[in-house]
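*Asks:* Sequence and predicted structure, then a few things I'm wondering about:
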Amino acid sequence: MAKTMARNSRAQKKNNSSMWIVGGFVAAAVVVLALVFINLNSTSTPRAAPSALNAGRVLGKADAPVTIDLYSDFQCPVCRRADMTIRSLAARYIDTGKAKVVYHNFAFIGQESEWAAQAAECANDQGKFWEYASYMFDNQTGENVGAFSQANLKKFASGVKLDTTAFNACFDSGKYANLIQQEKAEAQARNIRATPSFYINGQFIEGLLPIETFAATIDSYVSK
């Protein structure tokens with residue numbers, strides 16, 4: 001009787017050990033699968049290059065070997081620095097036909113951002129998108145504090161010598177309101193989360209690089 005109980009005890013221990021081993025393997029497999037799942041989901045979604053058909057405004061020659069897609073908000077102070085960087089590099093790259101800049105509105109900071117983007121589009125109707133854009137950047141005073149009120153945006157039109165009657169009619173009509181929303185949705189679909197953001201020949205850059213690093217990135221594509 002005692003021997004039988006001993007055998008049963010040893011068998012039970014063996015079964016328990018087997019169950020612990022199997023359980024351990026199962027738990028390890030679950031952990032591995034979980035880690036794989038987490039890694040797959042934590043990896044940034046590939047950022048597709050902007051489509052050939054877009055609502056961007058182009059500064060530079062159409063056949064330039066380097067395309068700089070810029071996503072920007074006119075109220076963003078760092079975007080003003082990006083505009084200044086582009087101005088500084090224009091003589092070296094844009095005027096020489098090495099690079100072109102395509103502007104994409106990502107008006108996400110507030111209502112004044114949307115008004116400003118619409119105003120820039122109305123200026124673009126008169127071929128002065130970049131002049132008006134730079135004028136707005138130069139007149140930033142803060143976010144959603146009235147700097148880009150509708151009245152001020154109309155005054156800016158005079159500052160860059162636009163036909164103010166045509167500009168005001170365009171702006172008051174809300175002609176480009178839907179376009180600005182579409183551009184924001186398109187940017188979000190490409191995982192744009194902050195301004196300024198760039199694609200340089202498809203290479204994604206979030207934030208503004210130091211000017212020489214930015215130039216070196218352009219050079220890396222010019223020489224290819």
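*Replies:* That came through fine.
*Asks:* how's this structure carved up into domains?
*Replies:* When the chain is parsed with automatic domain parsing, its domains come out as 1-43, 57-222.
*Asks:* Of the ones you listed, which stretch is the most buried?
*Replies:* Greatest average neighbour count among the domains of the chain goes to domain 57-222 (a mean of 18), per mean count of other CB atoms under 10 Å. (C-beta placed from N, C-alpha, C; glycine too.)
*Asks:* so Tyr221 touches Val66, yeah?
*Replies:* Yes - the pair Tyr221 / Val66 is scored as a contact, 4.8 Å apart, by CB atoms under 8 Å.
*Asks:* any residues in contact with both of those two?
*Replies:* Residues within reach of Tyr221 and of Val66 at once, by CB atoms under 8 Å, 6 or more residues apart in numbering, are 200-201.
*Asks:* Where does pLDDT dip in the chain?
*Replies:* Applying pLDDT under 70 to the chain picks out residues 1-56, 224.
*Asks:* so who does Ile68 touch?
*Replies:* Contacts for Ile68 (CB under 8 Å, 6+ apart) come out as 86, 99-102, 198-200, 218.
*Asks:* Nearest the middle, which residue of the protein would you pick?
*Replies:* Taking CA atoms, centre = their mean, the centroid of the chain lies closest to Ile192, which sits 3.0 Å from it.
*Asks:* Now stretch 145-155 - C-alpha only, CSV.
*Replies:* Output in CSV follows, covering the C-alpha atoms of stretch 145-155 (Å, rounded to 0.1, in the frame of the first residue of the first chain):
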residue,chain,number,x,y,z
VAL,A,145,-4.0,86.0,-31.0
GLY,A,146,-5.5,87.8,-33.9
ALA,A,147,-2.3,88.2,-36.1
PHE,A,148,-4.1,86.4,-38.9
SER,A,149,-7.5,87.7,-38.4
GLN,A,150,-9.6,88.1,-41.6
ALA,A,151,-9.1,91.9,-41.5
ASN,A,152,-5.3,91.6,-41.2
LEU,A,153,-5.1,89.0,-44.0
LYS,A,154,-6.8,91.5,-46.3
LYS,A,155,-4.4,94.2,-45.2
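*Asks:* show me where the chain has helices.
*Replies:* 2-42, 77-89, 111-124, 129-138, 150-159, 164-173, 177-189, 211-222 (DSSP state H).
*Asks:* ok, residues contacting stretch 139-149?
*Replies:* By CB under 8 Å, 6+ apart, the residues outside stretch 139-149 that reach it are 74-75, 77, 80, 109-113, 115-116, 119, 136, 152, 156.
*Asks:* Endpoint to endpoint, it covers what distance?
*Replies:* Start-to-end span of stretch 139-149 (CA to CA, to the nearest Å) is 12 Å.
*Asks:* ok now that stretch, how far from the chain's centre?
*Replies:* Mean-position distance between stretch 139-149 and its chain equals 22 Å (CA atoms, centre = their mean, to the nearest Å).
*Asks:* likewise stretch 83-94?
*Replies:* Stretch 83-94 sits 20 Å away from the centroid of its parent chain (CA atoms, centre = their mean).
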